[in-house]
Each structure stands twice: as structure tokens, then as C-alpha cells.
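Visitor: Here is my input; please provide its structure:
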Amino acid sequence: MKHAPPAAPALGTRDGLSYALFMPDEEPDAGVLVLHGAGSSKESHFDFARGCRDDGMAALVYDARGHGRSSGAFGPGAIEDVLAMVALLSERSGSAPVALRGSSMGGWQAIHAAARAADPPCAVVAVCPAPEERLLWGIRTGELLRFRCDVRATEAMLSETDIYAAASLLGPATALFLLHARGDESIPYTVSEELHARASEPKRLLVLPGGHHRSLQHDLELQAESRRFIRAAARG
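Guide: Next up is the predicted model:
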């Protein structure tokens with residue numbers, strides 16, 4: 001059986017950041033900014049973005065600096081870049097509430113950006129989020145350096161931020177959904193347990209048996225559950 005290929009997203013660049021925008025046919029009832037992990041790219045999360053579009057939500061996926069087609073190197077401006085992309089998504093999706101969905105390093109960015117936002121997102125979905133100590137270890141050992149990175153400046157930034165403190169600033173305006181694989185070989189699932197303990201309501205923690213660091217990102221059932229969480233938060 002042949003199937004028509006999915007509609008292509010609108011591609012663009014804003015301040016050197018390469019993005020892909022997925023818009024539903026009707027006015028979106030929510031917008032989702034999708035953040036990839038270290039060494040990945042926006043294309044790796046087109047599946048989740050298409051699901052958002054199919055559910056009537058707008059989705060914007062972009063390459064973090066030092067990744068994909070974006071210019072520059074990853075560094076201290078990473079959180080400000082998230083907030084700039086939130087602004088772009090808000091421009092395109094009108095008055096729809098905006099949520100963040102990040103995986104690994106993208107989860108770290110999402111939680112910090114939500115904590116800093118003047119207009120907090122309605123929800124954050126963090127999949128196996130990476131804490132600062134794990135990112136620092138990966139940069140210092142070279143394990144994570146599969147992308148262009150201002151190493152010295154990034155180390156200084158990571159030494160000054162605290163994802164657990166940021167999580168404690170979320171809620172009640174921002175709902176937090178944490179997903180983690182118990183078998184994650186890169187980031188212990190206890191990281192998400194502690195983040196959940198620090199955050200205020202509304203919040204949810206889902207720790208799945210087995211799996212690995214990337215197994216939850218592309219699980220269709222969990223993607224759908226994440227979208228339902230976002231839609232519920234957007235409706236208030």
C-alpha cells in the first residue's frame with residue numbers, strides 16, 4: 001500500500017538559527033517548541049512535530065547553535081536562543097499557548113528557559129533531561145563534543161546553572177511532565193525523580209522499565225501522551 005509523503009514544513013532562519021515550522025490546516029490551539037539533544041538536529045524530531053501538527057498544534061523545531069544548519073557555536077546564549085524561538089513560534093501561532101518539549105540536553109534547555117521566561121510556557125515535557133554535571137562531564141571528556149562548542153564558555157555557564165533550582169521555579173503556571181527510561185545508560189532516571197520532587201504542581205513523572213537514553217523520544221504512544229499533557233495544560 002502506497003502512502004502520500006507528509007507535507008513538508010516551512011523552513012527558515014532567524015538570527016542564524018535554522019528552523020522548521022509545522023502548521024496545522026486550522027488555527028492552532030497550542031504551539032510546541034521542540035529541542036533536540038547534544039549532537040542531534042531538528043530533523044531527528046520531525047516525527048514528534050508532525051504528530052503535533054496532526055493534533056492541531058503548531059510545532060517549531062530548530063538546530064541549536066553548533067548543530068545542523070545553524071551558525072555559531074553552542075555556548076552561554078543557549079537559553080536565550082530558546083526564548084527567541086519561543087517568540088518566533090508565538091508570532092506564527094497567534095494567541096495559542098506555547099509549550100516546550102526537550103530531550104536530554106534539550107530537556108536541560110527547556111527547564112531553564114521556562115524558569116527564565118517573562119511569559120512562562122504552559123508546559124514543559126522533558127525526556128531524560130540532562131543535569132549540568134552530566135553535560136560538564138561529557139564536554140570535558142569529549143564524549144559529547146560531536147558539535148561546534150565554545151568549550152570554555154560553556155563550562156563556565158554550566159558551572160553557574162542548576163537545573164534542580166530551575167525546576168523548583170516551575171508551576172503553577174507551567175506544568176512539568178518528566179519521562180525517563182529506567183535503563184538509561186547516560187543519565188540516571190533518579191535525575192528525573194529529583195526534578196519531579198523539586199517542582200511544584202502541576203507535574204507528572206513517568207519512569208518506564210528498561211529502554212535506553214533515546215528509546216522514549218520516538219515511542220509513538222509516549223509522544224501521544226506528551227501531546228495530551230500539553231493540550232491539557234494549554235486549556236488550563
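Visitor: Find the residue at the geometric middle of the protein.
Guide: G102 (1.7 Å; CA atoms, centre = their mean).
Visitor: Could you list everything that residue pairs with in the sheet?
Guide: L35, A126 (DSSP bridges).
Visitor: gap between it and G210?
Guide: Distance, G102 to G210, by CB to CB, to the nearest Å: 22 Å. Using the backbone N, CA and C atoms, a C-beta is placed for each residue, glycine as well.
Visitor: now do P28
Guide: Distance from P28 to G210, by CB to CB: 35 Å.
Visitor: Which one's more surrounded, the two?
Guide: When P28 and G210 are compared for neighbours, P28 comes out ahead with 25 against 9, by other CB atoms under 10 Å.
Visitor: Pairing-wise in the sheet, spell out the partners of the closest residue to that one other than its chain neighbours.
Guide: Spatially, and ignoring its direct neighbours in sequence, P28 is nearest to A58 (4.0 Å; CB to CB, 6 or more residues apart in numbering). Taking DSSP bridges as the rule, A58 bridges to G31.
Visitor: just so I have it, where are all the helices in this structure?
Guide: Ranges of helices in the chain, per DSSP state H, are 46-54, 78-93, 105-116, 132-141, 151-160, 163-168, 190-198, 220-235.
Visitor: The residue nearest to the centre of the chain reaches C128, doesn't it?
Guide: No: in this structure G102 lies outside contact range of C128 using CB atoms under 8 Å: 9.7 Å.
Visitor: wait, which of the helices of the chain is closest to F177?
Guide: With respect to F177, and counting by CB to CB, the nearest of the helices of the chain is helix 220-235 at 4.6 Å.
Visitor: got the angle between that closest one and helix 46-54?
Guide: If you take axes from the mean of the first three to the mean of the last three CA atoms, to 10 degrees, helix 220-235 sits at 50 degrees to helix 46-54.
Visitor: what's helix 220-235 in contact with?
Guide: 29-30, 32, 47-48, 51-52, 55, 57, 96-97, 99, 101, 122-123, 125, 127, 174-175, 177, 179, 202, 204, 206, 208, 216 (CB atoms under 8 Å, 6 or more residues apart in numbering).
Visitor: Any quick PyMOL command for the buried ones out of the residues you listed?
Guide: Entered in PyMOL, the line below selects the buried ones among the contacts of helix 220-235, by 16 or more other CB atoms under 10 Å:
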select buried, resi 29+30+32+48+51+52+55+57+96+97+99+101+122+123+125+127+174+175+177+179+202+206+208+216
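Visitor: Quick check: nearest residue in space to S71, chain neighbours excluded?
Guide: The shortest distance from S71 to any non-neighbouring residue, by CB to CB, 6+ apart, is to G16 (3.7 Å).
Visitor: Count residues in the vicinity of the one you found, would you?
Guide: Residues within reach of G16, counting by other CB under 10 Å, total 12.
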